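**Q** predicted structure and sequence below. I'll ask about it afterward.
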Amino acid sequence: MPNNDCEQALDQIFEYIDHELPDEELRHIGDHLKDCPPCEAEHRINEKIKNLVGNCGDEVAPDELRSRVLATIKSARADS
């Protein structure tokens, strides 16, 4: 069962990957990842996903997909 350190590490995993946290938090999360195999596994998975998405930056979504996504967002906003 995840503890508070696990929750913090996983909640801030992308900020950790991008080094967007204060040095003390980066060290704290880094130390946690060294000691927690499940969180380290999640970190590796998210790092791979981020790298894959980053490598797809030159591709553009088809206009039809963009229109469907925007319509879904608009509908969700209207329903709330």
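**A** Nice, thanks for sending it over. Residues are numbered from 1 along each chain as shown.
**Q** correct me if wrong: Glu25 contacts Gln12.
**A** Yes: shown here, Glu25 and Gln12 form a contact pair, counting by Cβ atoms under 8 Å, at 7.2 Å. Just so you know, the C-beta spots here come from the backbone N, C-alpha and C atoms, and that holds for glycine as well.
**Q** what sits up against the one helix or strand Arg44 maps to?
**A** Here Arg44 sits within helix 37-54, counting by DSSP states H and E. For helix 37-54, contacts defined as Cβ atoms under 8 Å, 6 or more residues apart in numbering pick out Pro2, Cys6, Ala9, Leu10, Ile13, Phe14, Tyr16, Ile17, His32, Leu33, Lys34.
**Q** ok, now which ones touch the last one?
**A** Lys34 makes contacts with Glu40, as judged by Cβ under 8 Å, 6+ apart.
**Q** ok, now how distant is the spatially most central residue of the chain from Ser75?
**A** The chain has Phe14 as the residue nearest its centroid, 4.5 Å off, counting by Cα atoms, centre = their mean. Distance, Phe14 to Ser75, by Cβ to Cβ, to the nearest Å: 28 Å.
**Q** number of residues surrounding the spatially closest residue to His19 that is not a sequence neighbour?
**A** Nearest non-adjacent residue to His19, counting by Cβ to Cβ, 6 or more residues apart in numbering: Leu26, 6.5 Å away. Leu26 is flanked by 15 other residues according to other Cβ atoms under 10 Å.
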